[in-house]
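Asks: Structure for the following, please:
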Amino acid sequence: MAGFTSSDDLRGATFHEVDLHGAQFADVSLQDATFREVSFRGARVAGADLSGAVLRGVDVPDVEIDSPWLFDGDHCLRVNGVDVRAFVDAELNKRFPGRELRAADTPEGLQAAWEAVQRAWAAVIERAATMPAGTVDASVAGEWSFTQTLRHLVMATDVWLGRAILRKDNPYHPAGQPNDDGGETAAYDDPSVFSAAAPSYEEVLDARSGRAAMVGDYLAAVTPEVLAEQRPNPHDPRRTETVLHCLHTILDEHWEHYRYAVRDLDAISAGRASG
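Replies: Numbers count the residues shown, from 1 in each chain. So this is what the prediction gives:
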């Protein structure tokens, strides 16, 4: 199995009639590369930057694209000349009632949006409790388990509410789980604040419940004037974001990871049902 890392300079390299089946690329730049008559059958691409990529005449049966940044900014995702983002957004709102509230920009609207996503999470946590033992710690296709997803939401809330909005120096719950991609560590300069040993599921549920209550309490008191205030971006203090943007990020984190959790519980259920 071939492996390519950041130490390999592939600029200008040409691969012709080469079998790279099972090759692994990590931290490799293929910017402005050209692929012709190349098989990506069964390939898995994670954490990649596809900005500006153009795919022509491609065979795409059973292709799955998942991007939490699909609706950020004024970009597009065109399939056969049609920007499909609006269609995807509308379909997700149909599948997950309450998601359409996440762009609220008033205190009252934000409270309603937060209550909606918390109802959704309460239902999926209850669903997980009815599934076979070990479900909450099962990983599907190498993704975070249900428990790890909840831990990440604790961390994300601490970053965007505790660190960014409230400007606390060390707002982190030890049960939180930071990103595992090795990047954007400015928000939690000392990773030792997180538990070395995995906390129990009960501890994670308690931490998540506490952080959810913190957000609810903040939204009950926030004013329109505060929503417009600027805060340093917790991942890049050279940039600033509005308090409203920070709250939108918390909502987006909860809806995106809720979608992942439902997806993976569905996969676990299907796998167990089929034996």
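Asks: quick one: strands adjacent to the longest strand along the chain?
Replies: If you go by DSSP state E, the chain has its longest strand at strand 236-242. Note on strand 236-242: by DSSP bridges, its sheet partners are strand 230-233 (antiparallel).
Asks: quick one: the partner strand to chain centroid distance?
Replies: From the chain centre to the centre of strand 230-233 is a distance of 21 Å (Cα atoms, centre = their mean, to the nearest Å).
Asks: Just the CA atoms of it, as CSV, please.
Replies: Taking C-alpha atoms only, strand 230-233 is exported to CSV below (Å, rounded to 0.1, in the frame of the first residue of the first chain):
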residue,chain,number,x,y,z
GLN,A,230,-17.8,42.1,18.1
ARG,A,231,-15.7,39.3,19.6
PRO,A,232,-12.3,37.8,18.6
ASN,A,233,-12.7,34.6,16.6
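Asks: Show residues contacting the longest strand of the chain.
Replies: 164, 184, 186, 227-233 (Cβ atoms under 8 Å, 6 or more residues apart in numbering). Every C-beta, even on glycine, is put in place using the N, C-alpha and C of the backbone.
Asks: State the next helix or strand along the chain beyond the lowest-mean-pLDDT helix or strand in the chain.
Replies: Least confident helix or strand of the chain, by mean pLDDT, DSSP states H and E, is strand 3-4 with a mean of 64. Once the chain leaves strand 3-4, the next helix or strand it forms, by DSSP states H and E, is strand 24-25.
Asks: can you give me the strands for the stretch 51-200 of the chain?
Replies: In the stretch 51-200 of the chain, the strands defined using DSSP state E, counting those that start in this stretch lie at 78-79, 82-83.
Asks: Relative to Ala13, which of those strands is closest?
Replies: strand 78-79 (29.3 Å; Cβ to Cβ).
Asks: Quick check: neighbours of that closest one in the sheet, parallel or antiparallel?
Replies: Short version: by DSSP bridges, strand 78-79 pairs with strand 82-83 (antiparallel).
Asks: what's the distance between the partner strand and the middle of its chain?
Replies: Relative to its parent chain, strand 82-83 has a centroid offset of 24 Å by Cα atoms, centre = their mean.
Asks: picking that back up, which of the contacts of strand 236-242 tops the neighbour count?
Replies: Ala164 (26 neighbours; other Cβ atoms under 10 Å).
Asks: so that residue touches Arg231, yeah?
Replies: Yes - contact criterion Cβ atoms under 8 Å: Ala164 and Arg231 qualify, at 4.9 Å.
Asks: Overlap of the contact sets of the two?
Replies: 241, 246.
Asks: Next, work out how far apart the closest residue to Ser195 other than its chain neighbours and Gln148 are.
Replies: Leaving aside its sequence neighbours, Ser195 sits nearest to Pro174 (Cβ to Cβ, 6 or more residues apart in numbering; 4.6 Å). According to Cβ to Cβ, to the nearest Å, Pro174 stands 14 Å off from Gln148.
Asks: low-confidence ranges in this structure?
Replies: Within the chain, the ranges that satisfy pLDDT under 70 run 1-10, 12, 68, 180-191, 272-275.
Asks: Apply 50 and report the result again.
Replies: Applying pLDDT under 50 to the chain flags the ranges 182-184, 273, 275.
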